[in-house]
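1. Below is the sequence, then the predicted model.
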Amino acid sequence: MIFKKDNLKLGIVLGLIGPLLGLVVIYFINFPSYDFLEFLDYFIHDNKMITSFGSLSLLANVILFTIYVNTHRDYTAKGIFLVTLVYGIGILVLKIMN
């Protein structure tokens, strides 16, 4: 099974997908009446949403990271952590630019 592998590329892919899925879940729970593109525009241009929903979407990576660290798949965990840092820096840059 793919989730039993331990390599950096898998961690990077999982790290990229996790926050995106987290953002989609937030969209369906909190903003079902909005169009998804309207939600993304609102997300990018509102500082409060960038901080709160950006952090919540990164929780998906925290869960993945914890699972892979606890199962001693360290290379995959490193990939997830690396991408989480990049997402976090991106969220900070978006917040500063607004």
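-> Alright, I've got the coordinates.

2. which non-adjacent residue is nearest K9?
-> Spatial nearest neighbour of K9, chain neighbours left out: G79 (6.9 Å); criterion: Cβ to Cβ, 6 or more residues apart in numbering. In short, each C-beta sits where N, CA and C put it, glycine included.

3. secondary structure element for the one you found?
-> Element membership for G79 (DSSP states H and E) is helix 74-97.

4. Can you give the contact residues for that helix?
-> 5-16, 18-19, 44, 47, 50-51, 54-55, 58, 61-62, 64-65, 68-69 (Cβ atoms under 8 Å, 6 or more residues apart in numbering).

5. From those, list just the buried residues.
-> By neighbour count, with 16 or more other Cβ atoms under 10 Å, these hold 6, 10-15, 18-19, 50, 54, 58, 61, 64-65, 68 as buried.

6. what residues does stretch 41-53 touch?
-> L23, I26, F31, Y34, G54, I91, L94, K95, N98.

7. What's the mean pLDDT across that stretch?
-> For stretch 41-53, mean pLDDT rounds to 85.

8. That one: end-to-end distance?
-> Length of stretch 41-53, first residue to last, Cα to Cα, to the nearest Å: 13 Å.

9. before we move on, the earlier item: identify each buried residue in the helix holding G79, please.
-> Result for helix 74-97 [16+ other Cβ under 10 Å]: buried residues T76, A77, K78, G79, I80, F81, V83, T84, Y87, I91, L94.
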